[in-house]
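J.: Structural data only, the sequence is not supplied:
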């Protein structure tokens, strides 16, 4: 195998892994996808080591062994991109996509903008907050208070995450805002049950996918990734709880 083709295989594998890891895929799924792509292009022996903040990928059996490391700085949730990479990986495995074409297809996926605009996400979070309130046996009188609090809290989280660039503080401030709106709505008679409004409103901020991936990684034996994702989920939960606690202390 030529040196140029070896590096092209590494680039395709790393690009697929980076897209998946940045958009919410589990660690073991990322590693398995990268090794399957390498095998489909003729490299039987490859190794990958994936953590939430980096990927190390190596092609064995080459002279010399080719290894590359990339860092993952930002992570979000976009399972549509994960699904598209999985689809391309399956087509590569059956030999339907040449190497260069696979690279360009993955590049197109990486350049895609968010599936839903910020406004659509805020509206969805607001409606979900009201629905969560009803699910947790709240009363319909509090539905619109939860909608307003949940939407405002999610918007605050998105905005401050761009300004502060520290996820913990963005979620903390969002929780404080949710608590203030919940107490304010009950104080003016717009709502009735402060606890149910808060519970329903913070649900869009809860790191459900992160917790799920942490458990799945731990069960698959990826202890480093599982523990680090669990710690990140704990910090998010701590930020939400601290923000609400501050409001309870004030009032």
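T.: Cool, got the structure. Everything quoted here is computed from the prediction, not taken from an experiment.
J.: Now do the longest helix belonging to the chain, average pLDDT.
T.: Secondary structure of the chain per DSSP state H: the longest helix is helix 223-250. Helix 223-250 shows a mean pLDDT of 90.
J.: which helices and strands sit right next to that helix?
T.: strand 46-51, helix 167-187, helix 194-202, helix 208-219 (3 or more C-beta pairs under 8 Å, 6 or more residues apart in numbering; DSSP states H and E). C-beta: built from backbone N, CA, C; applies to glycine.
J.: and residue 96, which of those is closest to it?
T.: Of all the helices and strands packed on helix 223-250, it is strand 46-51 that lies closest to residue 96, at 20.4 Å by C-beta to C-beta.
J.: Now do the buried residues in stretch 8-19.
T.: Neighbour-count burial for stretch 8-19 flags 8, 9, 10, 12, 13, 14, 15, 16, 17, 18, 19 (criterion: 16 or more other C-beta atoms under 10 Å).
J.: Just the ones of these in helices?
T.: 8, 9, 10, 12, 13, 14, 15, 16, 17, 18, 19.
J.: can I get those residues in JSON lines with pLDDT and distance to residue 183?
T.: Formatted as JSON lines, those follow (pLDDT from 0 to 100; distance: C-beta to C-beta, whole Å):
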{"residue": "8", "pLDDT": "87", "distance to residue 183": "58"}
{"residue": "9", "pLDDT": "88", "distance to residue 183": "57"}
{"residue": "10", "pLDDT": "89", "distance to residue 183": "55"}
{"residue": "12", "pLDDT": "91", "distance to residue 183": "53"}
{"residue": "13", "pLDDT": "92", "distance to residue 183": "51"}
{"residue": "14", "pLDDT": "93", "distance to residue 183": "49"}
{"residue": "15", "pLDDT": "93", "distance to residue 183": "48"}
{"residue": "16", "pLDDT": "93", "distance to residue 183": "47"}
{"residue": "17", "pLDDT": "93", "distance to residue 183": "45"}
{"residue": "18", "pLDDT": "93", "distance to residue 183": "43"}
{"residue": "19", "pLDDT": "93", "distance to residue 183": "42"}
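J.: what sits against the spatially closest residue to residue 198 that is not a sequence neighbour?
T.: Nearest residue to residue 198, sequence neighbours excluded (C-beta to C-beta, 6 or more residues apart in numbering): residue 182, at 4.8 Å. Neighbouring residues of residue 182 by C-beta atoms under 8 Å, 6 or more residues apart in numbering: 145, 149, 191, 194, 197, 198, 201, 247.
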